[in-house]
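Student: can't give you the sequence, but here's the structure:
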């Protein structure tokens, strides 16, 4: 057997679905929980930029921005290491509407063998509504970060706004970071952070991962990147049930989302 085939075979045998555990009632990968003391005691620097999102929730525009150190997290706000607040670090949070986020997250579970088994669409929908998915409850996540911006230096962006007018949103990021870029550089950032370009970029689309880890034949890592794709997945009954649950959980917040453009 050729050496490359032997490598593929050994990798395929070694990849198993991720085990999970909890920290503070939030479902996290077990490997994260096992290192929780180390994570909680992480020492942030004053000029660190933290990009926070719920999983499968945003285009990471700040990746293209000049910054001393850019860090990423899917943690809910209450689990962010305290040093980020002590050092008064800047944070960019990107939120995506619940229905599209759910659909994208479901397909990500299907193709990524490092994620827990998602079950059927119906089963995953129930797990998502109950908050029994990795990185915790979507509702708690988006509302927690929304409330935190009252006391911390947080720029709260919406995926739907990024799709609608990327230049406007990137300019918000630049202003937040107190950066000034020439129009030519800004146009390059806009070009390279469009979904279509990122989908073809191996550094962004994860095609460098072997099929045993991420099976793009099941679903590409960067699948559609649209707003409103949830309409192709929800049945009428599922949509009515979801909407009723959504209204209850979002009733006491000023945070609002657009489910379509």
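Tutor: Perfect, I can see it now. Quantities reported herein were computed from a predicted structural model and do not represent experimental measurements.

Student: so what's the residue most central in space within the chain up against?
Tutor: Centrality entry for the chain: nearest residue to the mean C-alpha point is residue 55, 2.8 Å, by CA atoms, centre = their mean. Taking CB atoms under 8 Å, 6 or more residues apart in numbering as the criterion, residue 55 is in contact with 74, 105, 108, 134-135. Using the backbone N, CA and C atoms, a C-beta is placed for each residue, glycine as well.

Student: helix/strand/coil for it?
Tutor: Look at residue 55: counting by DSSP: H, G, I helix; E, B strand; the rest coil, its state is coil.

Student: measure it to residue 175 for me?
Tutor: Residue 55 sits at a distance of 27 Å from residue 175 (criterion: CB to CB, to the nearest Å).

Student: ok, residue 75 next?
Tutor: 26 Å.

Student: got it, and residue 106?
Tutor: For residue 106, the distance to residue 175 - CB to CB - is 35 Å.

Student: secondary structure for the contacts of residue 55 - can I get that in a markdown table?
Tutor: Listed next are those as a markdown table, based on three-state DSSP:
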| residue | secondary structure |
| --- | --- |
| 74 | coil |
| 105 | helix |
| 108 | helix |
| 134 | coil |
| 135 | coil |
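
Student: what about residue 75 and residue 175, which has more around it?
Tutor: residue 75 (21 against 11; other CB atoms under 10 Å).

Student: surely that one is within a strand?
Tutor: No - counting by three-state DSSP, residue 75 falls outside a strand, being coil.

Student: go ahead and confirm it touches residue 144.
Tutor: No - using CB atoms under 8 Å, residue 75 is not in contact with residue 144, being 10.0 Å away.

Student: tell me the contacts of residue 257?
Tutor: 95-98, 158, 160.

Student: try 6 Å
Tutor: By CB atoms under 6 Å, 6 or more residues apart in numbering, the residues touching residue 257 are residue 97.

Student: same thing with the one 4 residues further on?
Tutor: Residue 261 sits next to 164, 227 when contact means CB under 6 Å, 6+ apart.

Student: just residue 179 next, same as before
Tutor: Per CB under 6 Å, 6+ apart, neighbours of residue 179: none.

Student: name the helix or strand for it, please.
Tutor: Element membership for residue 179 (DSSP states H and E) is empty, with no helix or strand holding it.

Student: got the phi/psi numbers for it?
Tutor: Main-chain dihedrals, residue 179, degrees, to the nearest 10: phi -110, psi 150.

Student: give me the pLDDT value at it.
Tutor: Looking at residue 179, its pLDDT is 88.

Student: now it: how far from residue 173?
Tutor: 8 Å.

Student: which residues does residue 71 bridge with?
Tutor: residue 50 (DSSP bridges).

Student: thought residue 50 was touching it, still the case?
Tutor: Yes - between residue 71 and residue 50 there is a contact under CB atoms under 6 Å: 5.2 Å.

Student: which one of these two is surrounded by more residues?
Tutor: Per other CB under 10 Å, whichever of residue 71 and residue 50 has more neighbours is residue 50, with 22 against 16.

Student: contacts only, for the more buried one.
Tutor: 71, 84, 89, 91.

Student: okay, and which of these map to strands?
Tutor: Among those, the ones falling in strands (DSSP state E) are 71, 91.

Student: now, the most widely separated pair of the contacts of residue 50?
Tutor: The span of the contacts of residue 50, defined through CB to CB, is set by 71 and 91 at 9.7 Å.

Student: in the stretch 101-250 of the chain, where is pLDDT below threshold?
Tutor: Applying pLDDT under 70 to the stretch 101-250 of the chain picks out residues 195-225.
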